[in-house]
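Colleague: What shape does this take:
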Amino acid sequence: MKTRIALLFLSATLSLACSSDNDGENGGDDNSLIGTWSFTELIVDDADGEIKLANEVIQVLISQGCDILSFEFKSDQTMQAEYRDFTQTGTDVNSGGTGLLIECPENAEITSSTWSLEGDQLTIVDNDGMSDTVTIILNGDTLTVSAEIIDEDNLAGAEAVFKKN
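Modeller: As a prediction, the model looks like this:
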């Protein structure tokens with residue numbers, strides 16, 4: 001399970017590949033996006049057992065203060081993504097018999113890229129020149145994106161919520 005969660009968040013920083021057809025609120029201007037955004041919630045509708053379990057693990061980690069995934073958008077149009085490296089964690093079982101021991105990994109990975117925002121369309125260009133665009137909903141200190149940017153195959157229809165620090 002920890003490996004599955006690791007792949008979820010690793011793919012977020014590497015793929016930013018899908019856009020959502022959301023006719024909701026507009027994204028906002030560049031200045032409203034500048035700052036650090038931390039992943040806080042996965043909104044899933046009609047999810048199967050695996051997605052519900054993954055969401056429960058996410059909530060446990062966040063409640064423990066684990067900053068699973070964050071994006072820092074800078075005014076010079078650069079961005080850093082920091083995510084926890086779940087591949088370095090084991091599959092320890094709680095000796096009390098209550099299941100897996102869920103701990104926040106100590107190791108974090110950081111990637112850099114550039115960004116631009118036009119309306120609700122956020123474009124990310126990685127260091128290899130690969131460009132991807134995602135539709136965002138920016139409402140005050142809450143940023144919502146299609147969770148498909150985290151895991152295209154397993155999170156279709158879900159939303160990832162980030163809060164501004």
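
Colleague: got the contact list for residue 38?
Modeller: Applying C-beta atoms under 8 Å, 6 or more residues apart in numbering to residue 38 gives the contacts 67, 68, 69, 70, 162, 163, 165. Yep, even glycine has a C-beta here, placed from its N, CA and C like the rest.

Colleague: in its sheet, what does the helix or strand where it lies sit against?
Modeller: Counting by DSSP states H and E, the secondary-structure element that holds residue 38 is strand 35-43. Using DSSP bridges, strand 35-43 pairs in its sheet with strand 69-73 (antiparallel), strand 159-164 (antiparallel).

Colleague: Residue 148 in helix, strand or coil?
Modeller: helix (DSSP: H, G, I helix; E, B strand; the rest coil).

Colleague: So it is in contact with residue 135, correct?
Modeller: No: applying C-beta atoms under 8 Å, one finds residue 148 not in contact with residue 135, separated by 10.6 Å.

Colleague: out of the two, which sits in the busier spot?
Modeller: Taking neighbours as other C-beta atoms under 10 Å, residue 148 and residue 135 compare with residue 148 leading, 23 against 19.

Colleague: how far away is that one from residue 77?
Modeller: The gap separating residue 148 from residue 77 is 24 Å, by C-beta to C-beta, to the nearest Å.

Colleague: Repeat that for residue 63.
Modeller: 34 Å.

Colleague: which residues of the chain score low on pLDDT?
Modeller: Scanning the chain for pLDDT under 70 picks out 1-29, 47-49, 88-100.

Colleague: which residue ranges form the helices in it?
Modeller: 2-15, 30-33, 49-63 (DSSP state H).

Colleague: which helices and strands does the top strand by length along the chain pack with?
Modeller: Determined from DSSP state E, the single longest strand within the chain is strand 108-118. Judged by 3 or more C-beta pairs under 8 Å, 6 or more residues apart in numbering; DSSP states H and E, strand 108-118 is in contact with helix 2-15, helix 30-33, strand 78-84, strand 121-126.

Colleague: Return the set of buried residues in the second one.
Modeller: Read it as helix 30-33. Buried residues in helix 30-33, counted by 16 or more other C-beta atoms under 10 Å: 32, 33.

Colleague: these two touch, right, residue 60 and residue 104?
Modeller: No: contact criterion C-beta under 8 Å: residue 60 and residue 104 do not qualify, at 9.6 Å.

Colleague: Verify the stated contact: residue 137 with residue 160.
Modeller: No: if you go by C-beta under 8 Å, residue 137 and residue 160 don't touch, sitting 10.9 Å apart.
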